[in-house]
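Asker: Quick one: sequence and predicted model below, then my questions.
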Amino acid sequence: MLRNRRLAASAVAVAAISVVATACTGQSGSAASDDPNARTTITFWHGWSAPAEVKAIQDNIDRFETAHPNIKVNVVGNINDDKLNQALRAGGSKGPDVVSSFTTSNVGKFCSSGAFADLAPFIEKSKLDLAKTFPKVLLEYTQFEGKRCALPLLSDAYGLYYNKDAFKEAGIAAPPKTMSELAEDAKKLTKAKGDGYERVGLMPTYHGYETVVDHYMSSWNHAYFDENGKSNVAKDPAFAKMFTFQKKLVDDLGGYEKLERFRSTFGDEWGAKHPFQTGQVAMQLDGEWRLGMAEDAKVPFEIGVAPMPVADDEADSYGKGFLSGTIMGIAPQSKKQNAAWELVKYMTTDTKAVVQFANGIRNVPSTLEALKSPDLTFDPRFKTFLDIAQHPESSTPPAAVNGATYQQTLQDFGYQYEQGKVKDLQAGLEKTARQIDRDIEQAS
């Protein structure tokens, strides 16, 4: 998992794409007339670009072509959602047959607009039991309002990385399990240097790489929308509790401006000089890919991995976390949708294919069987992420018709609140909720 993937998958880091329903004319019912046993060539667009990732994709395609000698796959990498959207809107024979995206937040747009074809006829024809194949959260983020237009292709699970050497130095015996323990440990681990820091226990600001609103919220039992589809961020007390916790931690560790000055000294999130890897940050909320990247950087300390702490009054839910991942579907304008489905089905449901792909790019497998496969070749610490992926209370933000817009609106409020520009938290959340509702109504 490298740079372009994470930038795309983070809801708050991605600009909402514009998918126009009328531009996507093909649908599975009318376009799936090709013979999947005939010799044919299909085109698969994906977003991976790092050499190791591209090789892992091609290895999987090679295995598919061996199993399906009549289907040749032309693979095109480094495709982001903007490029994908343009091709799907344009239609024509030069576009993809099979599509993938790192942005689960856009599933609401993909499904409601017809940008991705409805997979229901293919799933029914293949007698695929989704509930017995995929974890519940992954099934939820690949459909919208009952329409399934995608299947999961590997997943991401977020946990807490911690510097075991720094913990020993600070006299901390074990990773924190509750948010109050996280705050106490963050203060103990923070070391001053002049008017700044030598190290912070945790970079709590929303620009602290993966410490963003939706990732924090996974530590609380919460609901973004009520039963009527209206924004719940001002009514569900979990949101106020999270914002209050994060703001207090920012203040307790020295304040927003001081922390941001220190953050400006950090290296790139996707390079060897990531602040956790350099020892500038003792604890880091991050995804499963960080373990391999930190090991590759040859950090001079022992790395610990644990689930992210949870709200104090939800201690029995410890072990859960934030989930996301890649989605895969069929282009609606494709005239080779039956052949395209064979590739989608193979890459998303074949246990050996999923395991080998997960091993190749060090991501979390996305099927129940693959999660338990003895053929996984991960570092033993990686089991933490496998467990988070299967935890019944792990979560991801629900899909919306306007994609990640509501998450960006809430994140923008978080930026204002942590800086102290918003004094009345409840009033700010109510204003944010009204904006979220207006945006969704306009998009609908």
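Answerer: Thanks, I have it. Keep in mind the model is a prediction, meaning the values are calculated, not measured.
Asker: thought Thr178 was touching Val310?
Answerer: Yes: here Thr178 lies in contact with Val310, judged by C-beta atoms under 8 Å, at a distance of 6.3 Å. The way it works is simple: take the backbone N, C-alpha and C, and place the C-beta from them, glycine included.
Asker: can you pull the buried residues of the helix or strand hosting Gln246?
Answerer: In this structure, Gln246 sits in helix 237-252 according to DSSP states H and E. By 16 or more other C-beta atoms under 10 Å, the buried positions in helix 237-252 come out as Ala238, Phe239, Ala240, Lys241, Met242, Phe243, Phe245, Gln246, Lys247, Leu249, Val250.
Asker: counting contacts, what elements does it pack onto?
Answerer: For helix 237-252, the elements it packs on are helix 179-189, helix 213-217, helix 405-418, helix 425-443, judged by 3 or more C-beta pairs under 8 Å, 6 or more residues apart in numbering; DSSP states H and E.
Asker: before we move on, back to that, determine which two of the buried residues of helix 237-252 are furthest apart.
Answerer: The two members of the buried residues of helix 237-252 with the most space between them (C-beta to C-beta) are Ala238 and Val250, at 18.8 Å.
Asker: With only the CA atoms kept, save stretch 128-143 in CSV.
Answerer: Coordinates of the C-alpha atoms in stretch 128-143 are reproduced here as CSV (Å, rounded to 0.1, in the frame of the first residue of the first chain):
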residue,chain,number,x,y,z
LEU,A,128,-22.5,-16.5,-5.0
ASP,A,129,-23.4,-16.3,-1.3
LEU,A,130,-22.0,-12.9,-0.4
ALA,A,131,-22.7,-13.2,3.4
LYS,A,132,-20.6,-16.3,3.5
THR,A,133,-17.9,-14.8,1.4
PHE,A,134,-17.1,-11.3,2.7
PRO,A,135,-17.0,-9.6,6.1
LYS,A,136,-20.1,-7.5,6.9
VAL,A,137,-18.5,-4.1,6.7
LEU,A,138,-17.0,-4.8,3.3
LEU,A,139,-20.4,-5.8,2.0
GLU,A,140,-21.8,-2.6,3.3
TYR,A,141,-19.3,-0.3,1.6
THR,A,142,-19.6,-1.9,-1.8
GLN,A,143,-23.4,-1.2,-2.2
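Asker: Identify the contacts common to Thr178 and Val310.
Answerer: Taking C-beta atoms under 8 Å, 6 or more residues apart in numbering as the contact rule, Thr178 and Val310 both touch Tyr318.
Asker: Am I right that Asn85 sits in a helix?
Answerer: Yes: checked against DSSP: H, G, I helix; E, B strand; the rest coil, Asn85 lies within a helix.
Asker: State the distance from it to Asp236.
Answerer: Relative to Asp236, Asn85 is positioned 32 Å away (C-beta to C-beta, to the nearest Å).
Asker: got it, and Gln407?
Answerer: Relative to Asp236, Gln407 is positioned 15 Å away (C-beta to C-beta).
Asker: tell me, how many neighbours does Val299 end up with?
Answerer: Val299 is surrounded by 18 other residues when neighbours are defined as other C-beta atoms under 10 Å.
Asker: wait, it sits on His274?
Answerer: No: look at Val299 against His274 with C-beta under 8 Å: they stay out of range, at 9.4 Å.
Asker: any weak-confidence spans in the chain?
Answerer: The model of the chain has pLDDT under 70 over residues 1-31, 90-93.
Asker: Which strand runs longest in it?
Answerer: Longest strand in the chain by number of residues, with DSSP state E as the criterion: strand 151-163.
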